[in-house]
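[1] Attaching a predicted model along with its sequence, questions to come.
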Amino acid sequence: MPVFSVFDFRLPASRAPQRPWAARLSGLALVLLLAACASQGPVGPGYYRVQPGDTLTRIARSHGRSVSELMRWNNLSSANRIDKGQVLRVDPPGGSAASGSGGASVKRGSGGGGGGSGGETAPPKLPPGAPITDIKLIWPAPGTVARGYDGGQSRGLSIVNKAGTPVVAAAAGTVAYASNGLRGYGNLVIVRHGSTYLTIYAHNRKLLVKQGQSVKQGQAIAEMGDSDSKRVELYFELRRGGNAVDPTRALPPR
């Protein structure tokens with residue numbers, strides 16, 4: 001089961017068919033960003049938190065791995081770009097145990113899966129279609145749901161309204177990201193709700209919050225817009241343990 005505090009966050013590669021280039025999108029930058037924002041507590045089995053003065057070579061050697069293995073398992077583009085506090089996978093994905101290229105055998109615990117921190121295991125799976133009861137959301141914006149969640153190309157809701165329509169936090173939390181660095185999502189806000197949930201708000205005209213800021217449920221965080229979109233819309237997504245789930249399972253009926 002994956003460790004989820006860092007949320008191995010990858011925006012859906014093809015959620016919008018009008019964006020064929022989106023398949024090239026990498027979530028690495030945001031994974032690293034969320035790692036920096038995540039709890040500094042102990043990490044789960046199979047993971048290591050980068051300490052001051054660490055190098056990837058040193059980390060690989062101490063865990064009986066090769067640098068190329070760590071780069072591959074953590075989607076690193078350069079062996080020279082790791083940050084203090086970043087959480088790295090040091091056990092391979094899949095399997096209960098593995099031997100690194102250095103010959104050391106490392107037992108894999110329950111903390112496999114995408115990069116993580118905090119020593120927590122993923123939340124239990126929900127029965128298909130069951131309501132989500134451990135978080136209560138409010139609708140992030142008024143408007144028409146032009147496209148719903150289908151678990152495939154659309155992993156969230158596209159809510160259409162006029163430019164400037166207030167976008168509010170669907171639940172209280174901490175802003176994990178507020179910028180326009182992910183191509184195809186425009187001015188983007190991501191709010192972290194404890195160690196289990198993220199909500200995602202894309203295509204905004206204007207951002208009203210900053211990274212690290214605490215927000216209350218219903219607080220305005222952005223204005224609806226058409227940044228990196230062909231129409232004015234809010235793309236809203238709910239992530240549970242790093243996986244996209246149907247937001248309507250946690251939203252009140254309209």
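    Structure received.
[2] Could you use CA atoms for every contact and neighbour count after this?
    Noted.
[3] Low-confidence stretches in the stretch 101-250 of the chain?
    101-123 (pLDDT under 70).
[4] Roughly how far does R231 sit from G164?
    13 Å (Cα to Cα, to the nearest Å).
[5] Find the residues that touch each one of these two.
    G225 (Cα atoms under 8 Å, 6 or more residues apart in numbering).
[6] Domains in the chain, by residue range?
    20-107, 144-249 (automatic domain parsing).
[7] Relative to P128, which of those is closest?
    The closest of the domains of the chain to P128 is domain 144-249. By Cα to Cα, the value is 10.3 Å.
[8] Can you get me a residue count around G129?
    10 (other Cα atoms under 10 Å).
[9] same question but for G148, I mixed them up
    17.
[10] before we move on, what about G53?
    8.
[11] ok, now the one 5 residues further on?
    Applying other Cα under 10 Å, we find 14 residues neighbouring R58.
[12] Double-check that it belongs to a helix.
    Yes - R58: assigned to a helix according to DSSP: H, G, I helix; E, B strand; the rest coil.
[13] For the stretch 101-250 of the chain, just list every one of the strands.
    105-107, 144-147, 157-160, 166-168, 173-179, 187-193, 197-207, 214-215, 220-224, 233-240, 243-245 (DSSP state E, counting those that start in this stretch).
[14] Of these, give the one that comes closest to G64.
    Nearest of the strands of the stretch 101-250 of the chain (Cα to Cα): strand 105-107, 7.3 Å.
[15] count of neighbours near the closest residue to V232 other than its chain neighbours?
    In space, and not counting its chain neighbours, V232 is closest to D226: 4.3 Å by Cα to Cα, 6 or more residues apart in numbering. Neighbours of D226 under the rule other Cα under 10 Å: 20.
[16] show me the contacts for D226.
    A163, G186, H203, N204, R205, V232, E233.
[17] Which one of the strands of the stretch 101-250 of the chain lies nearest to V87?
    Here strand 173-179 is closest among these (Cα to Cα), at 15.9 Å.
[18] Give me the contact list for the closest one.
    Residues contacting strand 173-179 (Cα under 8 Å, 6+ apart): 33-34, 37, 187-194, 207, 209-217.
[19] Dump the strand or helix carrying R72 to CSV, keeping only the CA atoms.
    For R72, the enclosing helix or strand under DSSP states H and E is helix 67-73. Extracted C-alpha coordinates of helix 67-73, given in CSV (Å, rounded to 0.1, in the frame of the first residue of the first chain):
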residue,chain,number,x,y,z
VAL,A,67,22.2,6.0,-8.3
SER,A,68,20.4,5.0,-11.5
GLU,A,69,17.9,2.9,-9.5
LEU,A,70,17.0,5.8,-7.1
MET,A,71,16.7,8.2,-10.1
ARG,A,72,14.3,5.8,-11.8
TRP,A,73,12.2,5.0,-8.8
